[in-house]
Structures are given as structure tokens and as C-alpha cells.
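Participant: with the sequence up front, the predicted model follows.
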Amino acid sequence: MNNNSKVNTKWLETINVIIMSVAFIALILTGFFIHNEEIIMFIHYIGWILWVLSVILAFSPNFIFKKYGGVQKGESYMKTTKLVNKGIYSIIRHPQYGGGIYIAFSLILIQQTLVSVILGIISIITSYLSMIFEDKRLIVKFGEDYVEYMKKVPRVNVISGCIRKINRK
């Protein structure tokens, strides 16, 4: 990849992250300011259950990277030096982005407004694009080990990840 291509990719990633962040924050804020008086309560409750599970998923890397990622004491969990394929990382490759996607989907179910659907879809698409960018960075960082890991573990599909994990045993 030449320098011009790297610069263009970096700009695309930056724009994607900005759009993702603005859409996600706006999605959260819409829950405080836009109300649907005719929500379907069953869907609303499913949204809250999914939200709780998604938050757990999104924050799990904070602990798993520190435990298995070779992070130096006192450093951020993002300073991992080893490829982690244990815990949630044996089921999905991107629990934080996956958690963000599932949170966005849960907020759509909770809020049940057109605005939340639009912002949620934008959040989901940009989060998925961020995972693609992240996979490319991790291939550079961890090489063939990450390529093999990608073949075994899906990006965010928890059901597929569980099935694959069971089949690996």
C-alpha cells in the first residue's frame, strides 16, 4: 500500500468513526427527547434485555485483554501485545464493536421511533465498517496468526461463534 493510499484509508476511517460516534450519541439522546406513546411493550422489554447483554459484551475486553493480552501493568487494555483468543474472543473477534451494534439495535427496540431506526442503522453500518478496518490493522500487527483466527471466529455473530466453538472441541 503506497503512502497516498494509506492517507486515504486513514481519512475514511476517521470520517467513519466521526459518523459512528455522532450517530451513536444522537441515538442515545433521542431516548431522552423523542417519545413514542404507542410502543409495543414486549419489544421494548426484549430491547432492555438485549441492552444489558450488549453492555456486558462491549465492556468485556477491558478485563480479557488485561488478563490474556500481555498488557503491561498500568497500561491501557488497548496496549495488548498478544493475540487473544480466549473468553469472548473465542466466540467473536470484535466484542466492543459487536456490543455497540447490539446496543444500537436494542435502542431501536426500546425507543421504537423512526429517528432511532435511522440513527441505529447508521451506527450499525459504521460500526461494521470499523470492524473491517480493525481486521486489516490486526492482520498487520499479528500476521498469519490473525488470518487463521479470522477463519475460526466470526466478527460479531454470537450464535455462529458459539456453534463454531462447540465444533472446534
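Facilitator: Done, it's in.

Participant: how about residues contacting the helix or strand of the chain with the lowest mean pLDDT?
Facilitator: Taking mean pLDDT, DSSP states H and E as the measure, the chain has helix 61-68 as its least confident helix or strand, at a mean of 88. Contact with helix 61-68 is made by 71, 77, 78, 80, 82, 84, 86, 87, 88, 89, 95, 96, as judged by C-beta atoms under 8 Å, 6 or more residues apart in numbering. For the C-beta atoms, the positions are set from N, CA and C on the backbone; glycine is no exception.

Participant: tell me the secondary structure for the fourth one?
Facilitator: Recorded secondary structure, residue 80: coil (DSSP: H, G, I helix; E, B strand; the rest coil).

Participant: give the contact list for it.
Facilitator: Counted by C-beta under 8 Å, 6+ apart, residue 80 has contacts 65, 69, 70, 71.

Participant: highest neighbour count among those residues?
Facilitator: Counting neighbours by other C-beta atoms under 10 Å, residue 65 comes out on top of those with 22 neighbours.
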